[in-house]
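Visitor: Pasting the sequence and the predicted coordinates here, then a few questions.
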Amino acid sequence: MKQLRQAILWAVLVAIALLIVLSAIGALIGVEEARDLFSSPPLIAFWVLVLLVLASGFAAFRRLITAPAGLAMHLGAILIVAGAMWGSGKAHDLRKRWLDDTKVQSGTMPIMKGQGENHIYNEAHEPVATLPFTLFLRNFSIDYYPPKDKGWQLIVVSPVVNPQGEVTRHEERLDWQIGEEIPIAHTTVRMKVLQYLRHARAAFAEGAKPRVAITDAAGKPLGELEPKAGAEVALKEPAVTVRVIRVFQNLKIVGTGAGHEVIDDVGHGENPGLQVRVSGKEAVLWEGYVLPQMPGQVKPAPEASPLIVQYAVPGPTGAAEDPTSESPAMEIELTHEGRTQRQWLMPEPGAGMAVLPLGPVMAGAAGAAEAHGMERMTAPELYLIQPQGAIQSYKSDVMVLEKNRRVDQDVIEVNHPLHWGGYSFYQSSYDAEREAYTVLSVSSDSGLVVVYLGMAILSIGAFWRFWGEPGWAWIKRAGHGA
Amino acid sequence: MALKLTEVGILIYVVMALYVAAGTMLAMHKRPAGTAFFGLGFGVAAFAFVLRWIEVDHLPLQNMFEVFLCLGALMWPITLFCRRFMGVGGEAADAFIGFLVLFPAGFVFKADPQQLPPALQSPLFLPHVASYMLSYVIMAKAAVPAFMGLLADRPTGDPAALDYEAAANRVARVGFPLLTLGLVLGMWWGKVAWGDYWNWDPKELWSLISWLVYLGYFHFRYMFGLKFKRVNCTLLLVGLAAIILTLIWVNLSRLFASGMHSYAS
């Protein structure tokens, strides 16, 4: 027995030393290579041996069973190694081959906003597993910390050709003062800020405000409305009432079929629209959405000719002070080769920037149309931009659908995954350009409970053995001494 | 690297100076003076911690600056505890360890509230870091008698103190559960944040190596007892070396392969 114990202890020391050496190699060769190394066949044999040595310890050392702390530490280690082996990629592959278990260990799941997905993809973007439920992305958004510098900045971004012939985009902040003419870096254009309104809204030429026009099929005007929620006009012939229910800055339709939703996605673009209701004497005749490019058509009576509801949105001609607005506006004068023109830089409400391409200015009036099309990416651009704070969180608002029924919903964030159906879903990546989709990484939870249990009892055992036992002994000694 | 000329910052520098004075006095066997400087350093550090608490209006253990300030203040209680309950000395070395612990708080970590990137926003962040840092301090304290144990059997002129090997063992026993907890909390957090409790990241592997060295030490000492005292001591020094490598691997790893902990720098 004594020799057996000696042998087991030697095996323990050798196993620990081997694991130290392998871990050091793993730390040198890189994450993927280390993962492959530790799940290669010789290492699988090694892990099995580790489990055997730990188990044989229980047989040979009675104290590992009679002393609870020792039992906890060694049982914890067994559970962690066994649970990790059960949850490994190799084990998933084997169960797939032998047991027809379709579960995969990990993968990714890109989901478009307003759509559902029930496949897990591998690195080559091939579907590797089909889930018995669907994740539906209601929304994806990014939260920012408040910017440290709250002021808006004027920045010129210009293409610069480096000695290797590569075009890089160079950013330079412009220091400006009202009325002072300054050169725009990397261009031959000079500019002067004529006025700067910190809180501004778009101003429109007289009579060019956005409006709702109601005409007959031939285009004869029948009535007009202000695009404001609650605005209403009663027509005499035909006798209908037209009412604006809701005004959208950026109308978006999210979802499909019965689950769809119309939202106002402020700050992510511009798509003005209205929700309009047309009522007859007794009943609502029509209710729907009207966009500038998509008028509403209503028949007041089955045989009558249709009414047309149009939403006309003219472009702004300038800006006006508006204390309730968070957006600024800047009027500038650009001078290039003796020609001068005035422009407004005005971000959309809720947007963090306004852009003015300088290509047309530099090409002159004659070449303006041509220049506008000319490589926008390589022409300098002037930005009025609000510095953004650091990213605080990425949020994927998802629903879990089973047989088209919603069974769960959650907002997935970094450090806040969703657990469903034996998988965990993590915020992993996203569409940096338009925030139109999210990428979740998926990982199997197989064996996780066992590993967690092992981690818990290993820790408890260690504290018990090294803190609890001597502490308890000290308390007993102190009691006897008193 | 920047000087902190706030009240708390200046207090930290005062404590660092007091710790150096205490360590020097204690090393020169001027016990009363050394103990007075050490105790005074603790008082000022505790005052700085309370001041910080009042300033930020919550328990100041929310960022690395605060964790290291707290650890620096804990050095004297740790020393007293080891002396009172375990018969372990090494006060002079402890004062210098306290100085080293306060160094990052004084010069490296930013004191103002940080805008944490999404990956670090987790309730597991501070327990994970705090248990690791506390265990590292204790393992550093264990390494001092371990090193002395290579040179001599027991301290001269301190009849109350244990022999070096036993003292090192007792301190390492206090640190090991904290080292285990740090590792386990890191695994738990890894699952929550990255999808896996083990990602084969170089920093993970180095922290595993540190833990394994101490694990090996306890098994070796169980197997051979006091037969190879110098080997016991050497293993504890190897453990501290592994801890130091774990701590600086973030920077070294750029030379080899990038890992997930790299952003933490």
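Guide: Perfect, thanks for sending it.

Visitor: Tell me where the model's unsure across chain B.
Guide: B:1, B:113-114, B:158, B:160, B:250-265 (pLDDT under 70).

Visitor: How about the residues of the stretch 301-450 of chain A by chain B?
Guide: The stretch 301-450 of chain A has residues A:389-394, A:413-417, A:424, A:426-427, A:441-443, A:448 near chain B, with proximity defined as CB under 8 Å from any CB of the partner chain. Every C-beta, even on glycine, is put in place using the N, C-alpha and C of the backbone.

Visitor: make it 7 Å
Guide: Proximity of the stretch 301-450 of chain A to chain B, by CB under 7 Å from any CB of the partner chain, involves residues A:389-391, A:393-394, A:413-415, A:417, A:424, A:426, A:441, A:443.

Visitor: thought residue B:60 was touching residue B:54?
Guide: No: the criterion here is CB atoms under 7 Å, and residue B:60 misses it with residue B:54 at 9.3 Å.

Visitor: Not counting sequence-adjacent ones, nearest residue to residue 104?
Guide: If you meant another chain, say so; for now it's chain A. Excluding its sequence neighbours, the residue lying closest to residue A:104 (CB to CB, 6 or more residues apart in numbering or on different chains) is residue A:129, at 4.5 Å.

Visitor: switch to chain B, that's the one I care about
Guide: For residue B:104, ignoring the flanking residues on the chain, the nearest one in space by CB to CB, 6+ apart is residue B:68 at 5.0 Å.

Visitor: re earlier: ok, residue B:60 and residue B:54, which is more surrounded?
Guide: residue B:60 (22 against 8; other CB atoms under 10 Å in any protein chain shown).

Visitor: which residues in the stretch 251-400 of chain A form strands?
Guide: With DSSP state E, counting those that start in this stretch as the criterion, the stretch 251-400 of chain A has strands at A:251-254, A:261-264, A:273-279, A:284-290, A:296-298, A:307-312, A:318-321, A:329-336, A:339-345, A:353-357, A:381-385, A:391-402.

Visitor: Which elements pack onto the shortest one?
Guide: Other helices and strands packing on strand A:296-298, by 3 or more CB pairs under 7 Å, 6 or more residues apart in numbering or on different chains; DSSP states H and E, are strand A:284-290, strand A:307-312.

Visitor: Let's verify the residue nearest to residue A:104: helix, strand, or coil?
Guide: Counting by DSSP: H, G, I helix; E, B strand; the rest coil, the backbone at residue A:129 sits in strand.

Visitor: mind giving me the domain split of the chain?
Guide: Going with chain A. Chain A breaks down into these domains under automatic domain parsing: A:2-92+A:449-481, A:106-139+A:390-444, A:153-204+A:321-385, A:225-312.

Visitor: you looked at the wrong chain, it should be chain B
Guide: According to automatic domain parsing, the ranges for chain B are B:1-110, B:117-265.

Visitor: got the ones you listed as CSV, with distance to residue A:355 columns?
Guide: Output for the domains of chain B, formatted as CSV (distance: least, CB to CB, whole Å):
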stretch, distance to residue A:355
domain B:1-110, 34
domain B:117-265, 28
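
Visitor: Which of the ones you listed sits closest to residue A:159?
Guide: For those, the distance to residue A:159 is smallest for domain B:117-265, at 30.8 Å, taking CB to CB.

Visitor: Just the element for residue B:67, please.
Guide: Under the criterion DSSP states H and E, the helix or strand holding residue B:67 is helix B:64-86.

Visitor: quick one: buried residues of that helix?
Guide: B:64-76, B:78-80, B:82-83, B:86 (16 or more other CB atoms under 10 Å in any protein chain shown).

Visitor: With stretch A:82-90 instead?
Guide: Using 16+ other CB under 10 Å as the test for burial, stretch A:82-90 gives A:82, A:83, A:84, A:85, A:87, A:88.

Visitor: what is the mean pLDDT for it?
Guide: Regarding stretch A:82-90, the rounded mean pLDDT is 93.

Visitor: Start and end of that stretch, how far apart?
Guide: Length of stretch A:82-90, first residue to last, CA to CA, to the nearest Å: 13 Å.

Visitor: Residue A:77 belongs to a strand, doesn't it?
Guide: No: secondary structure of residue A:77 (three-state DSSP): helix, not part of a strand.

Visitor: Let me see the contact set for it.
Guide: Shown in contact with residue A:77 (CB atoms under 7 Å, 6 or more residues apart in numbering or on different chains): A:54, A:454, A:458.

Visitor: Report the separation between the first one and residue A:260.
Guide: The one in question is residue A:54. Taking CB to CB, to the nearest Å as the measure, residue A:54 falls 56 Å from residue A:260.

Visitor: bridging residues for the residue lying closest to residue A:114 once chain neighbours are set aside?
Guide: Of all residues beyond its chain neighbours, the one nearest residue A:114 is residue A:254 (4.0 Å), with distances taken as CB to CB, 6+ apart. With DSSP bridges as the criterion, residue A:254 is bridged to residue A:261.
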